[in-house]
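**Q** no letters, just coordinates:
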């Protein structure tokens, strides 16, 4: 997980938009995390894990994820 300030996010939004597709980014303000950017893939995996428990490794294959 990457940690950046809100100012850094503002200055380099495009860079972090691309990075946020691959890994989580914690955004801080005055030293405290105010929100986290989570890749869509990880969000979907977390939702399915909550519903069905741990998913098998085959379920995490990138080929099955629909990209927009």
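**A** Here it is on my side, so go on. All values reported here derive from a predicted model rather than from experimental measurement.

**Q** could you say what helices and strands the lowest-mean-pLDDT helix or strand in the chain packs with?
**A** Least confident helix or strand of the chain, by mean pLDDT, DSSP states H and E, is helix 40-52 with a mean of 78. Helices and strands touching helix 40-52, as assessed by 3 or more CB pairs under 8 Å, 6 or more residues apart in numbering; DSSP states H and E, are absent. (C-beta placed from N, C-alpha, C; glycine too.)

**Q** how does this protein divide into domains?
**A** Here the domain assignment for the chain is 1-37, 39-68, based on automatic domain parsing.

**Q** just name the most buried of the ones you listed.
**A** domain 1-37 (a mean of 13; mean count of other CB atoms under 10 Å).

**Q** point out where this protein drops to low pLDDT.
**A** Applying pLDDT under 70 to the chain flags the ranges 54-68.

**Q** hey, where'd the helices end up in the protein?
**A** Here the chain has its helices, by DSSP state H, at 6-11, 13-19, 40-52.

**Q** show me what the closest residue in space to residue 5 that isn't next to it in sequence is bridged to.
**A** Once flanking residues are discounted, residue 5 sits nearest to residue 28: 5.4 Å by CB to CB, 6 or more residues apart in numbering. Beta bridges link residue 28 to residue 5, residue 33 when assigned by DSSP bridges.

**Q** can you tell me how far residue 28 is from residue 36?
**A** Separation of residue 28 from residue 36 (CB to CB, to the nearest Å): 10 Å.

**Q** shared neighbours, those two?
**A** Residues touching both residue 28 and residue 36 by CB atoms under 8 Å, 6 or more residues apart in numbering: none at all.

**Q** residue farthest from the centroid of the chain?
**A** residue 30 (21.7 Å; CA atoms, centre = their mean).

**Q** and stretch 2-16, how far out from the chain middle?
**A** 14 Å (CA atoms, centre = their mean, to the nearest Å).
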